[in-house]
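Trainee: coords below, sequence missing:
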Ligand SMILES: NC(=O)c1ccc[n+]([C@@H]2O[C@H](COP(=O)([O-])OP(=O)(O)OC[C@H]3O[C@@H](n4cnc5c(N)ncnc54)[C@H](O)[C@@H]3O)[C@@H](O)[C@H]2O)c1
Ligand SMILES: O=C[C@H](O)CS(=O)(=O)O
């Protein structure tokens, strides 16, 4: 199953455990398919509980040594890993296009984004600062230091198979932790390639391990182990709840980056062309399979008709096709289940009175391709407005006042990302502060980068990734009190 990689060492089908490539102990394997064509791409090791046991033992040994390296020493290796990832950009993009399906330009962008977390946290490795506290008792000296949590686990989704790993492994290794990664069953190849590059960069054996396999099985094994001190999960809210419950008996530190239902609000005074371009970016990136995608588009009634007409005209021109096609803007959905959910959301909306301005059906490009779609006259009661569609469907809802827009936007159990467009400065402050979300875009639809805190509230999870805050998720705070009186002979 050659993938035309320049560096064939990046095509890996075994698990990466304790610095070696090896099959699962029971020899099990799981097929990986190309969502654009259905073609078999690989047969990847399907790890089980015994493999997790081996990996945890290796991680404990590796972390005991790694924690004693200085931040400067960790920085060198993380920077080298970053450089190798950037040098391998084309091959890594090929792997993402092949196993996840996004257009190649987006795949290349994801690799740059993924690499940026390695470089950012290479520098943060030098900044695990503590405190010296003025004592209340003059006979004492008080200090606070920050130490690595220990052995960590990461369970990651398919939609960003590179960035969702480095956004966790970067801060974990920078902090002095070890990490066992369980990638999505859909997209293990990118994770395994990143592990090979980490090995080449000098990441010690056992410090970073990648165990492909069934989420339920490996999730239970990772959650049950008291040696796994922290779990970082990115995926659906439903699974996040399961993992939180499974982590309770061992009281793990948790980072949960979960589902979303992002509102995008366009006020009458918005720059309409800017709003249209930004809404396209916020809605159709990765064919809408992005946790921060605009899931509801709220348009004030004064510009609703003009926005709907001009927006649908642009959406209708988005090209659908395999990510290997340079003209393609909309790639395939990841599975038949994902496609069926998109179809059901459109069906339900139309059945309850919504109209289709463009799209609204499967695309001829293949079984998992869906046309970029704009729905009008959508109401908050429709499934497409209440649930995360995770597909290329833009539902337009109408509102009349600022207060109504805020109420509609916040009427969800999710709280990940929100967007709004206005040129009124006072309104910008009011709206940004009133939206109940972890991240807010004002006059932009693209908010994600390595320097800002990424994360949500409510049912979208807890913790932050990236930024100066991201390394805190992998550090414990220790308070030290010293009595400095001389006890004499
Ligand atoms: N907040 C974020 O940063 C972010 C980023 C990407 C995706 N997401 C969310 O993820 C969802 C789509 O991704 P997905 O379909 O891969 O999500 P998912 O929750 O189905 O799967 C994510 C990972 O969890 C594993 N998993 C599944 N069931 C499990 C279980 N019972 N125990 C342990 N692990 C289990 C899977 O194997 C996979 O590796 C969407 O809801 C999206 O919003 C959120
Ligand atoms: O899908 C969720 C990812 O976090 C998307 S982003 O590229 O970080 O916005």
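Mentor: Good, I have the coordinates. Remember, it's a predicted structure, so these values are computed and weren't measured experimentally. Ligands and ions are numbered 1, 2, ... in the order given.
Trainee: mind listing what's buried along stretch 37-54?
Mentor: Using 16 or more other Cβ atoms under 10 Å as the test for burial, stretch 37-54 gives 37, 41-42, 44-48, 51-52, 54. The way it works is simple: take the backbone N, C-alpha and C, and place the C-beta from them, glycine included.
Trainee: which of these fall within strands?
Mentor: Per DSSP state E, strands hold the following members of the buried residues of stretch 37-54: 41-42, 44-45.
Trainee: before we move on, back to that, go back to the buried residues of stretch 37-54 and keep what's next to ligand 2.
Mentor: The subset of the buried residues of stretch 37-54 within reach of ligand 2, counting by Cβ under 6 Å from any ligand atom, is empty.
Trainee: for the stretch 1-150 of the chain, which residue gets nearest to ligand 2?
Mentor: Closest to ligand 2 within the stretch 1-150 of the chain is residue 113: 6.2 Å, counting by Cβ to the nearest ligand atom.
Trainee: look up how far residue 330 lies from the closest residue to that residue other than its chain neighbours.
Mentor: Distance criterion Cβ to Cβ, 6 or more residues apart in numbering; nearest residue to residue 113, sequence neighbours excluded, is residue 163 at 4.9 Å. Distance, residue 163 to residue 330, using Cβ to Cβ, to the nearest Å: 20 Å.
Trainee: swap in residue 285?
Mentor: 10 Å.
Trainee: likewise for residue 13?
Mentor: In terms of Cβ to Cβ, residue 13 sits 29 Å off from residue 330.
Trainee: break this protein into its domains for me.
Mentor: 6-257+459-476, 261-440 (the TED database).
Trainee: ok, which stretches of the stretch 51-200 of the chain are strands?
Mentor: Taking DSSP state E, counting those that start in this stretch as the criterion, the stretch 51-200 of the chain contains strands spanning 131-133, 140-148, 151-155, 178-182.
Trainee: report pLDDT for whichever residue of the stretch 251-400 of the chain sits closest to ligand 2.
Mentor: Minimum separation of the stretch 251-400 of the chain from ligand 2 (Cβ to the nearest ligand atom) falls at residue 291, amounting to 3.5 Å. Per-residue confidence at residue 291 stands at 98 (pLDDT).
Trainee: where does pLDDT dip in the stretch 151-300 of the chain?
Mentor: Applying pLDDT under 70 to the stretch 151-300 of the chain flags no residue at all.
Trainee: where do the helices sit along it?
Mentor: 163-175, 188-201, 215-224, 237-247, 272-284 (DSSP state H, counting those that start in this stretch).
Trainee: contacts for the third one next, please.
Mentor: Going back to what we said before, that points to helix 215-224. The contact list for helix 215-224, computed with Cβ atoms under 8 Å, 6 or more residues apart in numbering, reads 47-49, 52-53, 153, 155, 180, 182, 184-185, 211, 228, 231, 239, 242-243, 246-247, 249-250, 252.
Trainee: and that helix, anywhere near ligand 1?
Mentor: Yes - applying Cβ under 6 Å from any ligand atom, one finds helix 215-224 touching ligand 1 at 215-216, 219.
Trainee: show me which residues of the stretch 51-200 of the chain are close to ligand 2?
Mentor: 159-160, 163.
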